[in-house]
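Peer 1: Give the three-dimensional model of this entry:
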Amino acid sequence: AAAFFVRQQLRHNNHLKHYLTTRHYYNYKYNTSNNTMKFSPVAKSTFLASLSLLAPSTTAFTSRTGLAPSTAAAFHRHQRPSHSVVAASSSLAINAWNPSVASNNNKLFGMTALSLRGGSSALHSTATAEEAPPAPTEYFRSDYEPLPYKVSNVSMNFDIRDGKTIVESELTVVPNDASKGGDFALDGEADALTLFSIQLNGKDLVEDTDYTLKGDELTISASVLGAETCKLTTKVEIVPETNTQLSGLYKSGTMYCTQCEAMGFRRITLYPDRPDNMAVFDSVRIEADKADYPVLLGNGNKIDEGSTEENRHFATWSDPYPKPSYLFCIVAGNLGSVSSSYTTQPSGREVHLEVFSEPDNVGKLDHAMESLKKSMKWDEDTFGLEYDLDIYNVVAVNDFNMGAMENKGLNVFNTAYVLADPRSATDSDYERIESVIGHEYFHNWTGNRVTCRDWFQLTLKEGLTVYRDQEFSGDMMNSHAVKRIEDVNMLRARQFAEDAGPM
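Peer 2: Have a look, this model is predicted:
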C-alpha cells in the first residue's frame, strides 16, 4: 500500500537495481474507489526505507538491494520492527553503502531514524529529509524548435590530473537564420560541472546581468550575444574519478574515457548538447601524466603531440567534419594495441588502423582488426562509401554502459565485443564481434556524417545501420537466409517479449 508499484517490481532483482540507480523516486498510492494510481516524488532515503518494510527477511532484503549482508541485516533489523524511515546522507553512493550501526540509539552512521506516519497510505517523516527530486522532464517531438544560435567551431583543452580535470572550451557562436530568435541556452549538468569563468570575445560575463545559471542550464540573452559571430570561452572543472554514471568523462580502471550519447557531453562542458548542432572540432588538446597515461586519443586526425613540464605530455586532435556533440570522444590510458593499414578505393587514401586494449588483452585483438578491414572493403564494394579520415581507432573498455559507440574515428567498445581468444572463443563469438565492428564502422556515414535532427529520429540512424550490418553479416556468412533466421529468432525471444510487457 505504501509503495504499491515498488512492491510489484520487487519480484525482479534487476528491476529493483534500476530503481536504486535512477535519479527519481516516487511514492505510489492506489485509489480503490476509482481504480487510479497517484504518485508523488519522494527522497531516495524515503524510497529505500520503504523497501525494508516490504522485505520479509534480511536474506530477501540483501538479494533485492545488492547491499552487503551485514549492512542489509542492520538496516532490516533496525527499520522493520519500528516501521522507521531512514534519511540517508546524500553524499553516500548506494553501490558503496556500508554504514556502521550504533548499538543503543537505533541509528545508522550518517543516517537518522525517523518515524512513519499515515499508516500504509503514504510515507511521511517527522523530520526534514532530503529534498524530493523534481519530476522528470517530458519531451515531445512537437516541441522541437531550431536553436536561435548554433556553434560552428570548437576548440578544447583537457588538463587531466588526479582528482580533477580542467576543461577549457572556445565556441564559435553564430546566429541561426532558420530560427525564430531568442536567448541562447547551454546545457551543463550542475552535479558534474564547476564553472570557473565565462567570457564573450575576451570579456568576462557577469552572472544575473549577462547570463543566468539555473539548474542544468546556462542562458545568455540575445542582447548580449548580438547578431554577429562571436567567441564564447568557458572554463570548468570536472571529476572523472567520481563519475559513476559512465556518461561524460569518467575513469575506468586505469583509463579515462568518454561516453556522450545521448546527452553526456553536457557533463564535460557547457554546450548546446543536441544532435542538430553539428560543429567542426578544430582542436582538442589532451594533457596528462606521461607515465600513467602514455596513450592520448581523440576524434579525427592527430595534428600535434609533445612533452611538457612535470613529466607530462599532450596530444592534439582535429576532426575536419562537422559532428554532433554525442560523437565526441577522448581516451587517456596505458594501453597496448595491434595496428595495420588500409588503402581506400578509389581515392587511394592510406588509413592507419589501430585497436587498443589493456596490455594483457592484446593477443585477443586480431579478429577485431580483420573484421574492421572486411567492413571497410564491404562498404566500398556495396555502397561506394570509403573512409574519410587518415586514422581509425578502436578502444576496448571494461566499464562501458553500451555494447559499442561509433564516435567519429574513435570507436569505444565493451571488451565483450572486441576480444576473442583463439583458444576459447566460439563461432558465435567471432560472428558477434565481426557484426558489431561492422555496425560501428558503417555508422561513419549513416549516423556520423549524416545524423538525426533530434532523439525522436534515433531509429532512423540505427535502423539503417542495422540493415547495413545485417547485409554485411549475411555476405560474410555466405547465407542471408541463415542470418535472417538468427535475427528473427532474436526478435521473437527478446523484442517481442519486451513489446508485450508493461512498459
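Peer 1: send the alpha carbons of stretch 289-306 over as CSV?
Peer 2: Output of stretch 289-306 as CSV, limited to C-alpha atoms (Å, rounded to 0.1, in the frame of the first residue of the first chain):
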residue,chain,number,x,y,z
ASP,A,289,50.9,12.3,-16.9
LYS,A,290,53.2,10.6,-19.4
ALA,A,291,54.0,7.5,-17.3
ASP,A,292,50.4,6.7,-16.3
TYR,A,293,48.7,7.7,-19.5
PRO,A,294,51.1,7.3,-22.4
VAL,A,295,48.3,6.9,-24.9
LEU,A,296,46.1,10.0,-25.6
LEU,A,297,43.4,9.6,-28.2
GLY,A,298,40.7,11.9,-29.7
ASN,A,299,38.4,12.2,-32.7
GLY,A,300,39.8,12.8,-36.2
ASN,A,301,43.5,13.1,-37.0
LYS,A,302,46.4,13.7,-34.7
ILE,A,303,47.9,17.1,-35.6
ASP,A,304,50.4,17.6,-32.8
GLU,A,305,52.0,15.9,-29.8
GLY,A,306,54.8,16.6,-27.4
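Peer 1: show me where pLDDT drops low in this structure?
Peer 2: Within the chain, the stretches with pLDDT under 70 are 1-130, 503.
Peer 1: In it, where's the longest helix?
Peer 2: Ranked by residue count, the top helix of the chain under DSSP state H comes out as helix 458-477.
Peer 1: Any idea how far that one is from the middle of the chain?
Peer 2: Chain-centre distance of helix 458-477: 23 Å, with CA atoms, centre = their mean, to the nearest Å.
Peer 1: Output it in CSV, but only the C-alpha positions, please.
Peer 2: Extracted in CSV, the C-alpha atoms of helix 458-477 (Å, rounded to 0.1, in the frame of the first residue of the first chain):
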residue,chain,number,x,y,z
LEU,A,458,17.1,7.7,-33.3
THR,A,459,15.6,4.7,-35.1
LEU,A,460,16.4,6.3,-38.5
LYS,A,461,20.2,6.2,-38.0
GLU,A,462,20.1,2.9,-36.0
GLY,A,463,17.6,1.2,-38.2
LEU,A,464,19.5,2.0,-41.4
THR,A,465,22.8,1.0,-39.9
VAL,A,466,21.4,-2.3,-38.5
TYR,A,467,20.2,-3.1,-42.0
ARG,A,468,23.7,-2.5,-43.3
ASP,A,469,25.4,-4.6,-40.7
GLN,A,470,22.9,-7.4,-41.3
GLU,A,471,23.6,-7.4,-45.0
PHE,A,472,27.3,-7.4,-44.3
SER,A,473,27.0,-10.4,-41.9
GLY,A,474,24.9,-12.2,-44.5
ASP,A,475,27.6,-11.7,-47.1
MET,A,476,30.3,-12.8,-44.7
MET,A,477,28.3,-15.9,-43.7
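Peer 1: neighbouring contacts of the helix or strand just after it?
Peer 2: In the C-terminal direction, the helix or strand that comes right after helix 458-477 (DSSP states H and E) is helix 480-490. With contacts defined as CB atoms under 8 Å, 6 or more residues apart in numbering, helix 480-490 is touched by 470, 471, 473, 474, 477. The C-beta positions use only the backbone N, C-alpha and C, and glycine is treated the same way.
Peer 1: tell me which residues of helix 480-490 are tucked away?
Peer 2: Across helix 480-490, burial judged by 16 or more other CB atoms under 10 Å covers 483, 486.
Peer 1: returning to what we had before: for the longest helix of the chain, packing partners?
Peer 2: With contacts taken as 3 or more CB pairs under 8 Å, 6 or more residues apart in numbering; DSSP states H and E, helix 458-477 sits against helix 366-383, helix 427-442, helix 480-490.
Peer 1: Distance check, residue 244 against residue 399.
Peer 2: Look at residue 244 and residue 399: by CB to CB, to the nearest Å, they are 10 Å apart.
Peer 1: Mind listing the shared neighbours of these two?
Peer 2: residue 250.
Peer 1: sorry, back to before: select only the buried ones of the contacts of helix 480-490 in ChimeraX?
Peer 2: To isolate the buried ones among the contacts of helix 480-490 in ChimeraX, judged by 16+ other CB under 10 Å, type:
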select :470,471,473,474
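Peer 1: from the contacts of helix 480-490, which single one is nearest residue 254?
Peer 2: residue 473 (33.9 Å; CB to CB).
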